[in-house]
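Peer 1: what follows is a predicted protein model with its sequence.
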Amino acid sequence: GAVVSQHPSRVICKSGTSVKIECRSLDFQATTMFWYRQFPKQSLMLMATSNEGSKATYEQGVEKDKFLINHASLTLSTLTVTSAHPEDSSFYICSASWGGDTDTQYFGPGTRLTVL
Amino acid sequence: SQKIEQNSEALNIQEGKTATLTCNYTNYSPAYLQWYRQDPGRGPVFLLLIRENEKEKRKERLKVTFDTTLKQSLFHITASQPADSATYLCALDDSGGGADGLTFGKGTHLIIQP
């Protein structure tokens, strides 16, 4: 149980284009979804927290107009990287939590974004 | 400033021995501490969670300890196997409960040699 999927697993795009990444919880309802970014040999860095039906909360230094998050339902959140540039190339990982009194998060397999 | 440090970037252990990984933190008062496993190119997989009022947690060959005085957690894998080779991440939540984003250490790359 507690499976989270991401699509696509890899994407290569040209500079200036927008890319949408989907995150789905397959067998549970996720009250909260999180988006992380991981650069090579670095730790995962939290970008934003989203709750279904409300605006995402972004971490300091993360541009909300560049990284658009939509949490349309209890099983789906999307991250859109707008006007992508080479420095946005990274590994983007989502996670989902069903709430309760712990923070156990279930992670998706990640999306490798390469911006040319 | 808040910091999470994991003992080393890489750790080589002979198969069958116990691997011990360290996670130290400063300027946090975590309600929980969690350990994850991450394989190359994949998302982290949850392993164990230990609460601030727990000293030790076990799951099969895994054992985690949590010392809030030392601000340290130790993660042990007993009877290690080559399949245990991966990067292990510790993660903290400082929110005192409820769903919140986690802060991760950089991870320790564990290599179990046959």
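Peer 2: Arrived safely.

Peer 1: the residue lying closest to residue B:39 once chain neighbours are set aside: neighbouring residues, count only.
Peer 2: Nearest residue to residue B:39 in three dimensions, chain neighbours excluded: residue B:86, at 5.2 Å (Cβ to Cβ, 6 or more residues apart in numbering or on different chains). For the C-beta atoms, the positions are set from N, CA and C on the backbone; glycine is no exception. A count of nearby residues for residue B:86, using other Cβ atoms under 10 Å in any protein chain shown, gives 20.

Peer 1: got a list of what residue B:86 touches?
Peer 2: B:37-39, B:109-110 (Cβ atoms under 8 Å, 6 or more residues apart in numbering or on different chains).

Peer 1: gap between it and residue B:108?
Peer 2: 10 Å (Cβ to Cβ, to the nearest Å).

Peer 1: ditto for residue B:12
Peer 2: 11 Å.

Peer 1: same drill for these two, tell me which one is more crowded.
Peer 2: residue B:108 (21 against 12).

Peer 1: I figured the more buried one hits residue B:20, correct?
Peer 2: No - look at residue B:108 against residue B:20 with Cβ atoms under 8 Å: they stay out of range, at 10.0 Å.

Peer 1: residues from chain A in reach of chain B?
Peer 2: Selection of chain A residues close to chain B by Cβ under 8 Å from any Cβ of the partner chain yields A:4, A:6, A:31-32, A:34, A:36, A:41-46, A:49, A:59, A:91, A:93, A:95, A:97, A:99, A:101-110, A:112.

Peer 1: quick one: which of those residues sit in strands?
Peer 2: Residues of those located in strands (DSSP state E): A:4, A:6, A:32, A:34, A:36, A:45-46, A:49, A:91, A:93, A:95, A:97, A:106-107, A:112.
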